[in-house]
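Novice: Build me a model from this:
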Amino acid sequence: MVGGKLGKMMGKRVAVVVGGSVAGLACAHAVAGAGWDVVVLEKAAAAAATGAGTGAGLGLDAQSMETLARWIPGWGLDDATLPLAVDLVIPRPALFSITRARSFEVRSEVVRSLCGGALRSCHRPQNRATDSETKAARTLARDDEFNFRAAHWGDLHRRLHEALPAEVTVLWGHQFLSFETPEDDDTRGGVVATARVLRTGETVEVTGDLLVAADGSTSSIRRRFLPDLKLRYSGYCAWRGVFDFAGKDSSDTMVGIRRAYPELGNCLYFDLAYKTHAVLYELPRSRLNWLWYINGPEPELTVMAIPLPLIASSVTMEVTDAMVARMRDEAERVWCPELARLVRETAAPFVNVIYDADPPPRLSWEGGRVVLVGDAAHPTTPHGLRSTNMSIMDARTLGRCLARWEKTETTTPARAVAEYEAVRLPVVAAQVMHARRLGRIKQGLPVDGEAEGFDVTTAVEDSMLLLRQRSMPFFSGAPTVDDGGL
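Specialist: So this is what the prediction gives:
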């Protein structure tokens, strides 16, 4: 028997977290903060290293920033993140080239940081589109007070891991296999998880009072309880890449990209062309993150097309040199020369096959002994930057609910988990469905029973408002269990 036993001997409850990605480590922080011991099972051999190629960029909203600052004392969030405003662009219809809506900081705001009392600036974007021929500008949409910041997935994961409290044990190289919820006296109505130690091949058991499923969008635990809730192909894939420009600030590529995208480092750019769109923003430590969404039939995935270790929010497809070459050639046809050159010079681009799922009817089972969090609970498309933020808020809410009900629970944390489900399920359901709709709009795919999709080349100003990030439900903040003011 591994893990959990010591906690029970000391009268502390034990949570077994399946999955050591951002969602899993966030839950470890939150549940440990509620007074529990935590054992994390993760098949990857180790946490993401500094500068590792694992993952790509992500956006953190104000609630996530505040929550992370509580879990990671002394973390200089400004050093790890960059501000994001929002930019939208439209093409010149005849030539299928683009012009860029440029975001200018017209006013600086501040948000309170829990990290050493520092203040972080936020940006109010102004979005304009310029006709390629006349150079006349027109407003597409505005996202006032878009208080998001950009980070690299690997940086966030590493810092979450480094800040874990002593109550958390991470078992790296342990692949989750199954679990049981026996009712005998020894387990006190808890859970027993079985895992394989990948280095040796041996099988171990981990006993606890609560099983937290943070095993990503392809969650085996979710499939056990919701076998009919299938992943849904979005209708498009995303080419992705991270361009490292350390020591290359004066290169033709960087001079050109900064000329074409003058607010990089402060702005999240969306380039919209006919039935496609691209995303570009800067990450800390001299990196640019880009994505290009391309409509098409669902790929025939091979055994290599599985979630990467630690990252399970999408399915990463194996690509060939020929596929990369075709993508780079197509980028030159579709996008401006500066972006196309950046794409061509990015090493090891990869493809995410974009899936989501309908919102689940519930988030917990077995009398509150099994609970879903993160992408295991609500696989979502990336539009609206919700995946990581929903995971962090799931963790924060679960931890607070466990703390609130700790003194009244006698066997299972049923009431705490029920409260978590009541708080989070309406939020994640609304955000998943909105992200799905936003992605289809940006890709020119039909929505709401319409015969034709959104056409950026002919769209009028009112329809451009559909593209705003702040149209996301609960954009200004998701409901939380009262935790003293966050």
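Novice: any residues touching stretch 433-453, and which ones?
Specialist: 234-236, 270, 272, 274-277, 293, 295, 354, 356, 359, 380-384, 386, 454-456, 466-467, 471-473 (CB atoms under 8 Å, 6 or more residues apart in numbering). In short, each C-beta sits where N, CA and C put it, glycine included.
Novice: could I get that stretch in PDB with only the CA atoms?
Specialist: The C-alpha trace of stretch 433-453 is given here as PDB (Å, rounded to 0.1, in the frame of the first residue of the first chain):
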ATOM      1  CA  MET A 433     -20.600  26.000 -25.300                       C
ATOM      2  CA  HIS A 434     -19.600  29.600 -25.900                       C
ATOM      3  CA  ALA A 435     -16.100  28.600 -26.800                       C
ATOM      4  CA  ARG A 436     -17.500  26.100 -29.300                       C
ATOM      5  CA  ARG A 437     -19.700  28.700 -30.900                       C
ATOM      6  CA  LEU A 438     -16.800  31.300 -31.000                       C
ATOM      7  CA  GLY A 439     -14.500  28.900 -32.700                       C
ATOM      8  CA  ARG A 440     -17.100  28.100 -35.400                       C
ATOM      9  CA  ILE A 441     -17.700  31.800 -36.000                       C
ATOM     10  CA  LYS A 442     -14.100  32.500 -36.400                       C
ATOM     11  CA  GLN A 443     -13.700  29.600 -38.800                       C
ATOM     12  CA  GLY A 444     -16.600  30.600 -40.900                       C
ATOM     13  CA  LEU A 445     -18.600  27.500 -40.000                       C
ATOM     14  CA  PRO A 446     -22.400  27.600 -39.600                       C
ATOM     15  CA  VAL A 447     -23.900  28.300 -36.200                       C
ATOM     16  CA  ASP A 448     -27.400  28.500 -34.800                       C
ATOM     17  CA  GLY A 449     -28.800  26.600 -37.800                       C
ATOM     18  CA  GLU A 450     -27.600  29.100 -40.300                       C
ATOM     19  CA  ALA A 451     -26.900  27.900 -43.800                       C
ATOM     20  CA  GLU A 452     -23.700  29.900 -44.100                       C
ATOM     21  CA  GLY A 453     -21.000  30.800 -41.600                       C
END
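Novice: How confident was the prediction at Tyr261?
Specialist: The score at Tyr261 is 87. That number is its pLDDT.
Novice: can you tell me which of the contacts of stretch 433-453 are in strands?
Specialist: Members of those lying in strands (criterion: DSSP state E): 234-236, 270, 272, 276-277, 293, 295, 354, 356.
Novice: that older thread, narrow the contacts of stretch 433-453 to those that are buried.
Specialist: 234-236, 270, 272, 274-277, 293, 354, 356, 359, 380-384, 386, 454, 456, 467, 472-473 (16 or more other CB atoms under 10 Å).
Novice: circling back to that earlier point, adding pLDDT and distance to Ala403, write the ones in strands among the contacts of stretch 433-453 out as TSV.
Specialist: Output for the ones in strands among the contacts of stretch 433-453, formatted as TSV (pLDDT from 0 to 100; distance: CB to CB, whole Å):
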residue	pLDDT	distance to Ala403
Ser234	96	37
Gly235	96	42
Tyr236	97	41
Phe270	83	39
Leu272	83	44
Thr276	90	46
His277	90	42
Tyr293	96	40
Asn295	97	46
Ile354	95	36
Asp356	96	31
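Novice: Now the two most distant members of these.
Specialist: Leu272 and Asp356 (20.8 Å; CB to CB).
Novice: and the residue lying closest to Leu226 once chain neighbours are set aside, how many neighbours does it have?
Specialist: Spatial nearest neighbour of Leu226, chain neighbours left out: Pro360 (5.9 Å); criterion: CB to CB, 6 or more residues apart in numbering. By other CB atoms under 10 Å, 20 other residues sit near Pro360.
Novice: Just confirm Pro360 contacts Thr380, I think it does.
Specialist: No - the pair Pro360 / Thr380 is not scored as a contact, 11.9 Å apart, by CB atoms under 8 Å.
Novice: where's Asn227 relative to Ser219, distance?
Specialist: No, residue 227 isn't Asn; it's Pro. 12 Å (CB to CB, to the nearest Å).
Novice: my bad, Ser391
Specialist: Taken as CB to CB, the span from Ser391 to Ser219 is 13 Å.
Novice: What of Leu60?
Specialist: 23 Å.
Novice: ok, Leu210 - contacts?
Specialist: Counted by CB under 8 Å, 6+ apart, Leu210 has contacts 13-16, 31, 36, 190-191, 368-371, 402, 412-413, 417.
Novice: closest to Trp335 among those?
Specialist: So of those, ranked by how close each gets to Trp335 (CB to CB), first place is Val371, at 42.9 Å.
Novice: related to what we said a few turns ago, now for Ser391 and Ser219: what residues contact both?
Specialist: Going by CB under 8 Å, 6+ apart, residues that sit against Ser391 and also against Ser219 are Asp375.
Novice: tell me which element Ser463 is part of?
Specialist: helix 461-464 (DSSP states H and E).
Novice: Could you give the number of residues near the closest residue to Ala377 other than its chain neighbours?
Specialist: Once flanking residues are discounted, Ala377 sits nearest to Leu363: 5.4 Å by CB to CB, 6+ apart. Leu363 is flanked by 26 other residues according to other CB under 10 Å.
Novice: Give me the distance between Leu363 and Pro479.
Specialist: 15 Å.
Novice: do Asp375 as well
Specialist: Asp375 is 21 Å from Pro479, by CB to CB.
Novice: These two: which is more packed in?
Specialist: Asp375 (32 against 12).
Novice: wait, is that one part of a helix?
Specialist: Yes - counting by DSSP: H, G, I helix; E, B strand; the rest coil, Asp375 falls inside a helix.
Novice: Leaving out chain neighbours, which residue sits closest to Val481?
Specialist: Among residues not flanking Val481 along the chain, Arg400 sits closest, at 4.4 Å (CB to CB, 6+ apart).
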